[in-house]
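> okay, here's the prediction I keep looking at, along with the sequence it came from:
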Amino acid sequence: MHSLLARRLFGFAAGTLALLVVADASARAAAKKDADAPDAAESKDDDAKKKKKGDDDDSDAKSDAKSSDEQDEKAEGKKKEKEKAPDPNGAYEAEGKDYYFVGLRYRHTILPKFLINLFVDGGPSVVSIPGFGIEASKRRDGFEMIGALTYQNWGMDPFPFKGKNESDYAYEIAQSQIKMLNATADFLWSSKLSGQELQFQYGLTAGIGVVWGDLIHQQARPANGGDSPGNPSTYVPCQGPGDAGSNSYCNPNDNQRWAGYKEPSWAGGGYKPIIYPTFGLQLGLRWKPVKQFVGRLDVGYNLFSGFFFGVGADYGI
């Protein structure tokens, strides 16, 4: 019995010791797990931080890249805008805006003999009339109005003439000392040839001129006298009735226009005009290399005086 009790006590003690060992081992394992947990948490936090930092870095990189792209786009946009923007001192003219110019012009009129002979016989070989003056213009959307004051000298050396279908005895010698101040307006449209710099212009010119000076004319006769017709370009003015020795030339019954006769103006009952019109077609080239300068070449036909050509130089204001 004592032996059985001893064995049971020993088994109980061994079991208790085993339980204690197991419990101690479990406690140590739990303690170690608890000790390792912060490190894992810290490691996890570190990983999370690293990941977050990486994400932040990626985000910053992306943001920087985006910002850089935006800056590049803005720079490119500004560059393109700068390239597209017109030169403030260039030839560019904006739509809907008025542009004003002042300057000088020269305009030369030529009336060929064949046009003169549509109305009279004889006449000068060509009528050549220089003119120069000042001008001012307004331009908007390719349409230009140019107002000008132009002085013209209609002076001509003596020449023979007579009316169509009149006899040789009707020849007179005429000489012009006429001068004229023209107020004209040109109405011109434009078509581009080379951007804004070079343009083709077309339109109308119209105006009125004030006339002064003498128109001298008198009966004429052959230089050698007599009644035989000769070369009208050699005829001389009649000094008075019967100057030719007969009544065929220098006939007092024809008119009383002797040497030195001056034709009265309209106001005095004569044929010399007081005013003279301008109206015709006009073509030309307009050259504007810079904002402040415009040059023009013009040609045209005036119904009342013939063909003309001219140049103009204007300053932009």
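That came through fine. Since we're looking at a predicted model, the values are computed, not measured.
> all contacts plus neighbour counts: C-alpha atoms, from now on.
Noted.
> what bridges to the residue nearest to the spatial centre of the chain?
Central residue of the chain (CA atoms, centre = their mean): residue 196, 5.4 Å from the mean position. Listed by DSSP bridges, the beta-bridge partners for residue 196 are residue 194.
> and the gap between it and residue 186?
Computed as CA to CA, to the nearest Å, the residue 196 to residue 186 distance reads 20 Å.
> on that earlier part again, surely the residue nearest to the centre of the chain touches residue 94?
No. Here residue 196 lies out of contact with residue 94, judged by CA atoms under 8 Å, at a distance of 10.4 Å.
> name the residues that touch stretch 254-270?
With contacts defined as CA atoms under 8 Å, 6 or more residues apart in numbering, stretch 254-270 is touched by 214-219, 237-241, 271-274.
> how far does the helix or strand containing residue 115 sit from the chain's center?
Here residue 115 is covered by helix 113-116, with elements defined by DSSP states H and E. Centroid separation between helix 113-116 and its chain, computed with CA atoms, centre = their mean, to the nearest Å, is 37 Å.
> flag every buried residue along it.
Of all the residues in helix 113-116, those buried under the rule 16 or more other CA atoms under 10 Å are 113, 116.
> quick one: mean pLDDT over it.
In this model, helix 113-116 has an average pLDDT of 89.
> following it, which helix or strand comes up?
With DSSP H and E, the next secondary element past helix 113-116 is strand 120-122.
> which parts of that following strand are buried?
120-122.
> try stretch 196-213
For stretch 196-213, by 16+ other CA under 10 Å, it's 196-209, 211-213.
> who touches residue 133 in this structure?
Counted by CA under 8 Å, 6+ apart, residue 133 has contacts 104-106, 148-151.
> buried subset of the residues you listed, written for ChimeraX?
A single ChimeraX command selects the buried members of the contacts of residue 133 (16+ other CA under 10 Å):
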select :104,105,106,148,149,150,151
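> okay, the contacts of residue 133 in CSV with secondary structure next?
Output for these, formatted as CSV (DSSP: H, G, I helix; E, B strand; the rest coil):
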residue, secondary structure
104, strand
105, strand
106, strand
148, strand
149, strand
150, strand
151, strand
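> closest to residue 174 out of the contacts of residue 133?
Residue 174 lies nearest to residue 151 out of these, by CA to CA, at 22.3 Å.
> next, give phi and psi for the closest residue to that closest one other than its chain neighbours.
Leaving aside its sequence neighbours, residue 151 sits nearest to residue 181 (CA to CA, 6 or more residues apart in numbering; 4.6 Å). Phi and psi for residue 181, reported as degrees, to the nearest 10, are phi -120, psi 110.
> for residue 186, same thing?
Dihedral angles (degrees, to the nearest 10) for residue 186: phi -100, psi 130.
> can you pull the contacts of it?
144-147, 203-206.
> go again with 7 Å.
Neighbouring residues of residue 186 by CA atoms under 7 Å, 6 or more residues apart in numbering: 145-147, 204-206.
> now, the most widely separated pair of those?
Maximum distance among the contacts of residue 186 (CA to CA): 12.1 Å, for 147 and 204.
> sketch out the low-pLDDT regions of the chain for me.
Applying pLDDT under 70 to the chain picks out residues 1-70, 72-86, 246-247.
> let me see the domain layout of it.
Domain assignment of the chain by automatic domain parsing yields the ranges 1-85, 99-214+263-316.
> give me the neighbour count for residue 160.
Residues near residue 160, counting by other CA atoms under 10 Å, number 25.
> which residue, other than its chain neighbours, is closest to it?
Residue 160 sits nearest to residue 173 (CA to CA, 6+ apart), 4.5 Å away.
> and the one you found, how many neighbours?
The burial count for residue 173: 26, using other CA under 10 Å.
> residues in contact with it?
With the criterion set at CA under 7 Å, 6+ apart, residue 173 makes contact with 158-161, 217-220, 237.
> rerun that using 10 Å as the cut-off
Applying CA atoms under 10 Å, 6 or more residues apart in numbering to residue 173 gives the contacts 122-123, 157-162, 216-221, 232-233, 235-238, 258-259.
> go on, residue 210?
151, 179-183, 273-277.
> top of these by number of neighbours, please.
Neighbour max across those (other CA under 10 Å) = residue 182, 24 neighbours.
> what about that one, distance to residue 311?
From residue 182 to residue 311 the distance is 16 Å (CA to CA).
> contact partners for residue 147?
102, 134-138, 183-187, 205-207.
> doesn't it lie inside a helix?
No. Assessed with three-state DSSP, residue 147 is strand; it does not lie in a helix.
> look up how far residue 134 lies from it.
For residue 147, the distance to residue 134 - CA to CA - is 9 Å.
> ditto for residue 142
22 Å.
> now residue 105
Counting by CA to CA - residue 105 and residue 134 are separated by 6 Å.
> equivalent analysis for residue 223, please.
From residue 223 to residue 134 the distance is 45 Å (CA to CA).
> residue 276 now?
19 Å.
> do the same with residue 293
Distance from residue 293 to residue 134, by CA to CA: 15 Å.
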